[in-house]
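In: how would this look folded up:
(one chain, ligands or ions: 1)
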Amino acid sequence: MTALGVDRAFPKASDAAAAARAGRMIVGAIGFDPDSPAALFSPRSVVRSDRPVPSSTPRARGISSVATIPAPATHRDRVAAVIDMIDAGDAEKVVLARSLTLRADVPLDPAELLGNFAAGNPAGNTFGVDLSPCGDPDYTDNWFLGSTPELLIRKAGRTVTCHPYAGSAARQADPADDAAAGQALLDSAKDRAEHAFVVDYLRASLAAFCSELDAPTTPKLLSTNEIWHLATPITGTLRDDATTALDLALALTPTPAVGGTPKDAATAIIAKVEEPRGFYAGAVGWCDENGDGEWMVSIRCLQLAADRVTIQTWAGGGIVAASDPQAELDETTAKFRTVLRALGATKAL
Ligand SMILES: C=C(O[C@H]1C=CC=C(C(=O)O)[C@@H]1O)C(=O)O
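Out: Residues are numbered from 1 along each chain as shown. From the prediction side, this is the model:
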């Protein structure tokens, strides 16, 4: 779907949700903090197509690293501190993230990056959103682009679908090693527990909206080019078809795939421990005039600044009692590869 022109911006997500219920098309991005300004808007026109985003081969763009926030050792320390908090009973799961600031030698074209993301993960959900509608000057003419595997919510008529991902292992170059890494993930009690927090949350949250719900108790093993994941397809039937896709997205985000369990305790810990996430780990998508639509969890993504050479990207991982700080740091490093590949920077870094 391509949305062109801003007819009206809705920096308050609740205003956008009211407009969607009144039959307006809404597209854009919601931040990790639901109270931060949203880049949601009613477009002037929309072009819908069943065809995937055309892919392009990433070209080397002289990408260099400017900053790692926080330093890798600090991320490890934060993971250790959060494990202590979990042991003390403050939360059961907390997703901790870190970010990289990068610089390109030449200005980057958002349309070209979109094609690069599409090429890196054809089965993924490629997105590009102009963040200007949020109204914060820091985001004017900034683009938010990525290729996420994770469907927060899709609504078509009364049918809703979620496809949560949680539990990760890096893909390996050698096919036998790669298959073993996937199998080890599927067999890992720690990763199964980390995944179950997300499915339990969605089951409980969707029960408030759905008359029927199918949420399997056993996850599937799926992969992107870079990562093996545990994932569970969930489907439900809405009780009230006046509920829009945007209502559901706002009710669900952030799930424990990017926040934690319990939700409020985990997000309070994230706010205390981490730098603000901006639009990373929020949601990106659309809701049409009938309330149908699709919202993706905004991970495996970057923010391209108005200068077109400054890039910020994030990667996170779920921390549970059995997590290991070094393994969590390595997991975020592996997750950065989706973005680095789209930037043509895998070798450079
Ligand atoms: C938070 C991210 O991934 C989430 C989605 C899949 C697997 C995850 C994990 O294994 O921790 C995370 O929950 C990210 O990519 O930044």
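In: Identify all contacting residues around stretch 11-21.
Out: Contacting residues not belonging to stretch 11-21 are listed as 8, 10, 26, 28, 30, 34, 37-42, 133-135, 242, 244-247, 250, 287, 291 [C-beta atoms under 8 Å, 6 or more residues apart in numbering]. Heads up, the C-betas are built off the backbone N, CA and C, glycines and all.
In: Now, those residues that are in strands?
Out: The strands, defined by DSSP state E, take in 8, 10, 26, 28, 30, 39, 40, 41, 42, 287 from the contacts of stretch 11-21.
In: Contacts only, for the fifth one.
Out: By that I understand residue 30. Here residue 30 is in contact with 13, 38, 39, 40, 249, 250, 253, 279, 282, 283, 284, 295 (C-beta under 8 Å, 6+ apart).
In: how many neighbours does the fifth one have?
Out: To tie it back to what came earlier, the one meant is residue 249. By other C-beta atoms under 10 Å, the residues close to residue 249 number 26.
In: Show me what from the chain comes close to the ligand.
Out: Neighbours of the ligand within the chain, by C-beta under 6 Å from any ligand atom: 95, 97, 150, 165-168, 229, 257-258, 299-300, 315-318, 335.
In: ok, back up a step: now list the buried members of the contacts of stretch 11-21.
Out: Buried members of these, scored by 16 or more other C-beta atoms under 10 Å, are 10, 26, 28, 30, 37-42, 133-134, 244-247, 250, 287, 291.
In: dump the residue contacts of residue 124.
Out: Here residue 124 is in contact with 117, 118, 147, 148, 149, 224, 300 (criterion: C-beta under 8 Å, 6+ apart).
In: Among the residues of the chain next to the ligand, which are located in strands?
Out: Judged by DSSP E, the subset of those located in strands is 95, 97, 165, 166, 167, 168, 229, 315, 316, 317, 318.
In: Compile the residues you listed into JSON lines and extend it with columns for pLDDT.
Out: Formatted as JSON lines, those follow (pLDDT from 0 to 100):
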{"residue": "95", "pLDDT": "98"}
{"residue": "97", "pLDDT": "98"}
{"residue": "165", "pLDDT": "97"}
{"residue": "166", "pLDDT": "97"}
{"residue": "167", "pLDDT": "97"}
{"residue": "168", "pLDDT": "97"}
{"residue": "229", "pLDDT": "97"}
{"residue": "315", "pLDDT": "98"}
{"residue": "316", "pLDDT": "98"}
{"residue": "317", "pLDDT": "98"}
{"residue": "318", "pLDDT": "98"}
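In: Please tabulate the residues you listed in JSON lines and include neighbour count as additional columns.
Out: Listed next are those as JSON lines, based on neighbours: other C-beta atoms under 10 Å:
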{"residue": "95", "neighbour count": "29"}
{"residue": "97", "neighbour count": "22"}
{"residue": "165", "neighbour count": "23"}
{"residue": "166", "neighbour count": "27"}
{"residue": "167", "neighbour count": "25"}
{"residue": "168", "neighbour count": "23"}
{"residue": "229", "neighbour count": "23"}
{"residue": "315", "neighbour count": "22"}
{"residue": "316", "neighbour count": "26"}
{"residue": "317", "neighbour count": "23"}
{"residue": "318", "neighbour count": "28"}
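In: which one among those gets closest to residue 56?
Out: Residue 56 lies nearest to residue 315 out of these, by C-beta to C-beta, at 23.1 Å.
In: Was I right to think that closest one contacts residue 95?
Out: No: contact between residue 315 and residue 95 fails when scored by C-beta atoms under 8 Å: they sit 10.5 Å apart.
In: Can you give me the distance of residue 82 to residue 270?
Out: Using C-beta to C-beta, to the nearest Å, one gets 9 Å for the distance from residue 82 to residue 270.
In: Equivalent analysis for residue 198, please.
Out: Distance from residue 198 to residue 270, by C-beta to C-beta: 16 Å.
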